[in-house]
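>>> can you look at this prediction? I've put the sequence above it.
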Amino acid sequence: MKIIGILVVCCIALGNSALAQNQAEIDAAMRSYEQAKARSEEFLARPSVTRSFREAAESGDAASQWSLGSQYETGQGFPQNYVRAYVWYSVAAAQGGDFREVAASARDAVGAKLSASDLVTAQALATKCFESSFKDCD
């Protein structure tokens, strides 16, 4: 019986040591993630980067249109604006291609956050943007 007790205590000690090591690894991974996220946010906030995304979006690049929608939705590089996010997600979705589904899903999620009045405004702006070949999107 004494041997079983000793074995149980040893197993618990080893288990706690392994848990502590795993937690340390998890904590290190989370710190790395937070640092990478901060660097990404700093990069996206640069005026030259936002200008580049805007220029590419206005030239019809669906990936850049989706990215602008994301930036407006999260407030990275631009003040947070769900109407503008809806517009850029909409035009990216309307173009089809690789970004159609993800942009449509993002558009619908942002649309659910808008009031009925803002949704009508966003839809009208998206139509105007698409019909102007992405030149009149504000």
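That came through, no problem. Numbering: from 1, shown residues only.

>>> so which strand or helix has the nearest residue to residue 60 once chain neighbours are set aside?
Sequence neighbours aside, residue 134 is the residue nearest to residue 60 in space, at 5.9 Å (criterion: CB to CB, 6 or more residues apart in numbering). For the C-beta atoms, the positions are set from N, CA and C on the backbone; glycine is no exception. Using DSSP states H and E, residue 134 falls within no helix or strand.

>>> isn't residue 134 right up against residue 62?
No: with contact defined as CB atoms under 8 Å, residue 134 does not count as touching residue 62 (10.2 Å).

>>> ok so, going back, tell me, how many residues neighbour the residue nearest to residue 60?
Counted by other CB atoms under 10 Å, the residues lying close to residue 134 total 20.

>>> i'd like the first residue to be 44 from this point on
Got it, first residue is 44 now, which makes that one residue 177.

>>> contacts only, for it.
Contact analysis of residue 177 by CB atoms under 8 Å, 6 or more residues apart in numbering lists 100-103, 108, 134.

>>> which two from those end up farthest apart in space?
Within the contacts of residue 177, 102 and 134 form the most distant pair, 12.1 Å apart (CB to CB).

>>> break down this structure into its helices, ranges please.
For the chain, applying DSSP state H gives helices covering 45-88, 90-101, 105-117, 125-137, 143-154, 159-174.
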